[in-house]
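Chemist: structure for the following, please:
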Amino acid sequence: MKFALYLFAFVIAALVIPFFIPSSGKTEGVDPNSNLPWQITLDGQGGSTVFGLKPGVSTLGEVRRRFEPELELAIVARPDEIGALEGYYSSVSLGFVMARMIVTVDVSNELVFAMRERALKAKHMESTTRKITLNAEDVAAADLLPVKAISIIPTVNLDESTVIQRFGQPGERVVVSEKRVHLLYPQQGLDVVVDSDGKELLQYVAPRNFASLREPLLTAVAAQPASQ
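Modeler: Presented below is the predicted three-dimensional model:
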């Protein structure tokens with residue numbers, strides 16, 4: 001029985017401790033103590049900087065130069081949507097934290113529609129969602145567009161107490177289900193989704209644009225059946 005308890009404690013430590021302490025294995029050229037997910041700098045005018053990028057200001061081209069030029073770029077859309085233009089990295093080093101990264105480009109619906117008309121191909125990501133690849137000219141043009149939001153999915157699993165220890169008490173806590181809760185940090189422009197059945201998601205926008213995260217969330221929660 002004691003061995004089982006020790007093993008459980010070891011597994012928990014192995015999952016959570018890397019989010020607090022730099023790992024012994026360093027990624028070449030990466031400072032393990034900089035650009036960490038909780039290092040958000042505010043400019044006092046409703047803007048912020050995280051990972052060396054300014055949500056709402058930095059362009060997609062700056063994202064490529066900050067991380068890797070080989071960014072997977074596509075329009076992601078459900079059948080009833082025009083879609084969102086998103087860039088994706090399967091793995092980035094954020095200090096000593098490894099994560100997947102998705103950047104959402106700030107682009108009008110009219111331009112997304114035009115890009116879809118010129119798109120090379122589309123493939124299904126899930127049962128209903130499609131990923132539409134852009135042509136070369138639109139890929140080049142997208143580099144000049146600003147990034148509206150930055151989202152990361154850390155490789156380590158986080159619980160609510162771990163998030164609060166790093167980011168502090170949230171300004172608002174929105175429960176979506178028994179398994180999922182959103183911790184909202186409007187002053188930092190951050191929404192942390194804690195999911196006990198899946199991976200956690202951290203979404204960053206400029207604090208002045210925080211309503212773009214909060215309002216759709218509250219609308220979706222209000223529309224849920226009362227039984228949930």
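Chemist: switch to C-alpha atoms for all contacts and neighbour counts from now on
Modeler: Noted.
Chemist: for the nearest residue to residue 102 once chain neighbours are set aside, what are its contacts?
Modeler: Using CA to CA, 6 or more residues apart in numbering and skipping residues adjacent in sequence, the residue nearest residue 102 is residue 88, 4.6 Å away. Applying CA atoms under 8 Å, 6 or more residues apart in numbering, one finds that residue 88 lies in contact with 71-73, 100-103.
Chemist: let's see that with 6 Å instead.
Modeler: Counting by CA atoms under 6 Å, 6 or more residues apart in numbering, residue 88 touches 71-72, 101-102.
Chemist: in TSV, list the residues you listed along with pLDDT and distance to residue 169.
Modeler: As requested, those are arranged in TSV below (pLDDT from 0 to 100; distance: CA to CA, whole Å):
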residue	pLDDT	distance to residue 169
71	93	34
72	94	34
101	97	24
102	97	25
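Chemist: just the C-alphas of the strand or helix carrying residue 103, formatted as PDB.
Modeler: Counting by DSSP states H and E, the secondary-structure element that holds residue 103 is strand 97-105. What follows is strand 97-105 as a C-alpha-only set of coordinates in PDB (Å, rounded to 0.1, in the frame of the first residue of the first chain):
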ATOM      1  CA  VAL A  97       8.200  24.800 -20.900                       C
ATOM      2  CA  MET A  98       7.500  22.800 -24.100                       C
ATOM      3  CA  ALA A  99       4.200  23.400 -25.800                       C
ATOM      4  CA  ARG A 100       2.100  23.400 -29.000                       C
ATOM      5  CA  MET A 101       1.300  26.800 -30.200                       C
ATOM      6  CA  ILE A 102      -1.600  28.200 -32.300                       C
ATOM      7  CA  VAL A 103      -1.700  31.800 -33.500                       C
ATOM      8  CA  THR A 104      -4.900  33.300 -34.700                       C
ATOM      9  CA  VAL A 105      -4.500  35.900 -37.400                       C
END
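Chemist: what comes into contact with that strand?
Modeler: When contacts are defined by CA under 6 Å, 6+ apart, strand 97-105 is touched by residues 85-92, 147-155.
Chemist: run the chain-centre distance for it.
Modeler: Here strand 97-105 is found 5 Å from its chain centre; the criterion is CA atoms, centre = their mean, to the nearest Å.
Chemist: that strand: what's the following helix or strand?
Modeler: helix 109-117.
Chemist: from the chain's centre, how far out does the following helix or strand past that next one sit?
Modeler: Using DSSP H and E, the helix or strand that follows helix 109-117 towards the C-terminus is strand 121-124. Here the centre of strand 121-124 is set off from its chain's centre by 23 Å, with CA atoms, centre = their mean.
Chemist: how about residue 166: what's its closest non-neighbour residue?
Modeler: Using CA to CA, 6+ apart and skipping residues adjacent in sequence, the residue nearest residue 166 is residue 38, 6.6 Å away.
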